[in-house]
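# attaching a predicted model along with its sequence, questions to come.
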Amino acid sequence: MSVLLDLLSQLGVGGQVMVAGSLVMAAYYLLKGKKYAGMAAAVGGSMVVYGVVVLVALAVAIGLGWLDPNPELMHDALDGVLGPASEMLRDGASATLKAIAEAL
């Protein structure tokens, strides 16, 4: 459809027609993306349901004494995973801010 818009602009068609064509093109892509949005919503809904089931199962297992949670061990494991990720994020943000400062 963008080929059609390029053709119209080369023909010197007025701005109103170009805006109308752009709106039609946006509507077309919204309809086209509706299918993928529905699929993403279904996947997100499934993830929420699975998350709730896992959390309830863990709560029941801990409540019945089948699991003995160790908060310090959990914190260390999460810190081992999230620590490097937070450092990478901090380093990336710092480099971006330096680049913006240098550009100014």
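Nice, thanks for sending it over. Residues are numbered from 1 along each chain as shown.

# where does Met47 land on pLDDT?
Per-residue pLDDT puts Met47 at 90.

# neighbours of it, just the number please.
Neighbour count for Met47, taken as other Cβ atoms under 10 Å: 10. Glycine gets a C-beta too; all of them are placed from N, C-alpha and C.

# tell me which element it falls in.
Taking DSSP states H and E as the definition, Met47 sits inside helix 15-63.

# packing partners for that helix?
Helix 15-63 is packed against helix 2-10, with contacts defined by 3 or more Cβ pairs under 8 Å, 6 or more residues apart in numbering; DSSP states H and E.

# just after the helix holding Met47, pick out the following helix or strand.
Using DSSP H and E, the helix or strand that follows helix 15-63 in sequence is helix 71-103.

# how distant is that next one from the center of its chain?
Mean C-alpha position of helix 71-103 versus that of the full chain (Cα atoms, centre = their mean, to the nearest Å) differs by 19 Å.

# next: stretch 56-73.
Distance, centroid of stretch 56-73 to centroid of chain: 31 Å (Cα atoms, centre = their mean).

# state the mean pLDDT of that stretch.
Mean per-residue pLDDT for stretch 56-73: 84.

# contacts made by that stretch with the rest, please.
Outside stretch 56-73, not one residue touches it by Cβ atoms under 8 Å, 6 or more residues apart in numbering.

# end-to-end on it?
21 Å (Cα to Cα, to the nearest Å).

# one more: stretch 7-22?
For stretch 7-22, the first-to-last residue distance is 13 Å (Cα to Cα).

# residues of it that come out buried?
Of the residues in stretch 7-22, those buried by neighbour count under the rule 16 or more other Cβ atoms under 10 Å are Gly21.

# avg pLDDT for that stretch?
72.

# for Pro69, see how far away the residue nearest to the spatial centre of the chain is.
Residue closest to the mean C-alpha point of the chain, counted by Cα atoms, centre = their mean, is Ala40 at 10.7 Å. Distance of Ala40 to Pro69, computed by Cβ to Cβ, to the nearest Å: 33 Å.

# nice, that's everything, thank you.
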